[in-house]
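Student: I would like the atomic coordinates for the input below:
(chains A and B)
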Amino acid sequence: MNEQRRQILQMLSEGKVTADEAERLLDALDRQQPEPPPTPAAYPKARPKYLRVVVHSEEGGSDGPTRINVRVPIQLLRAGVKLASLVPPQALLKVNAELGKSGVPIDLTQLKPEQLEELIDQLDEVTIDVDDPGAKIQVFAE
Amino acid sequence: MLAAVRYRGRDGRRRRWFVPLLPLLLLLIPILLIACVYFRISPLGGLRGLGRVVWALPGAVFDLDDGETAFSIHLR
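Tutor: Modelled structure (predicted):
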């Protein structure tokens, strides 16, 4: 019990204030009380800024293990998507034809920048771990 | 904006270069504009796209360590 609450109750017991007045004072005191600090779970999770790819291979040849560490700003992926939207449709048709010849029948003209944006938005949750006896690959957002 | 390029050769000698990107980009802009006209892409859109990419570059890292040799690029 804090000091102010104790004083109000003291005044009530001494008859200086009525029960109604004491109640109003206590209510006013409750309203003045600061809200408890939010728990860590209440804070929104910070959005990752980078996509990181780490490759560690023991089969790097005679020189020793190979390590690759790539950190790509997610903003750069977004910028790349916007840049890709400038590619003229004729070029996309040519790419489609070449992809088809290579056995990858993907129609890039159907791929909209909004869909790619949505894909990038979902990268926050991406975690890929590949554990192989000779190599380890990790892809994650940080 | 600066690209820090580091290289370590088989002889163990380390080399390091710091490359300012802005002058390079200024040199590339006329080539980009010519390419845009040639490929019938909006030059303004091309410039805007390049600007977005350049703006997003800081923080990008590429490290390759292959036994005795190593190569890395850090953009900041």
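Student: and stretch A:57-75, what's buried?
Tutor: Across stretch A:57-75, burial judged by 16 or more other Cβ atoms under 10 Å in any protein chain shown covers A:57, A:60, A:66, A:67, A:69, A:70, A:71, A:72, A:73, A:74, A:75. Heads up, the C-betas are built off the backbone N, CA and C, glycines and all.
Student: interface residues of chain A facing chain B?
Tutor: Counting by Cβ under 8 Å from any Cβ of the partner chain, chain A comes close to chain B at A:49-50, A:60-73, A:75-76, A:78-80, A:82-83, A:86-88, A:91.
Student: what's the distance between residue A:95 and chain B?
Tutor: Distance of residue A:95 to chain B, given as Cβ to the nearest Cβ, to the nearest Å: 14 Å.
Student: who are the contact partners of that residue?
Tutor: residue A:108 (Cβ atoms under 8 Å, 6 or more residues apart in numbering or on different chains).
Student: show the backbone phi and psi for the residue of chain B found nearest chain A.
Tutor: For chain B and chain A, the shortest gap (Cβ to the nearest Cβ) falls at residue B:67, measuring 2.4 Å. For residue B:67, the backbone dihedrals (degrees, to the nearest 10) come out as phi 60, psi -110.
Student: burial measure for it, as a count.
Tutor: For residue B:67, the neighbour count with other Cβ atoms under 10 Å in any protein chain shown is 14.
Student: so it sits against residue A:65, correct?
Tutor: Yes - between residue B:67 and residue A:65 there is a contact at 7.1 Å, judged by Cβ atoms under 8 Å.
Student: in three-state terms, how would the residue lying farthest from the centre of chain B be classified?
Tutor: The outermost residue of chain B, judged against the average C-alpha position, is residue B:11 (26.6 Å), by Cα atoms, centre = their mean. Here residue B:11 is recorded as coil under DSSP: H, G, I helix; E, B strand; the rest coil.
Student: okay, it: pLDDT?
Tutor: pLDDT for residue B:11: 84.
Student: what does residue A:55 give?
Tutor: Predicted confidence (pLDDT) for residue A:55: 93.
Student: and the helices in the chain, which stretches?
Tutor: You didn't say which chain, so I picked chain A. For chain A, the helices defined by DSSP state H cover A:3-13, A:19-32, A:74-84, A:89-101, A:113-121.
Student: my question was about chain B
Tutor: Taking DSSP H as the criterion, chain B carries its helices at B:21-38, B:43-56.
Student: can you lay out those helices as CSV showing mean pLDDT and distance to chain A?
Tutor: Output for those, formatted as CSV (pLDDT from 0 to 100; distance: least, Cβ to the nearest Cβ, whole Å):
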stretch, mean pLDDT, distance to chain A
helix B:21-38, 89, 9
helix B:43-56, 88, 4
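Student: deepest-packed of the ones you listed, please.
Tutor: helix B:43-56 (a mean of 16; mean count of other Cβ atoms under 10 Å in any protein chain shown).
Student: on contacts alone, who are the packing partners of that helix?
Tutor: Packing contacts for helix B:43-56, counted by 3 or more Cβ pairs under 8 Å, 6 or more residues apart in numbering or on different chains; DSSP states H and E, involve helix A:74-84, helix B:21-38.
Student: now distance to residue A:98 too, for the ones you listed, in CSV please.
Tutor: Compiled in CSV, the helices and strands packed on helix B:43-56 are given as follows (distance: least, Cβ to Cβ, whole Å):
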stretch, distance to residue A:98
helix A:74-84, 16
helix B:21-38, 20
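Student: thanks a lot, catch you later.
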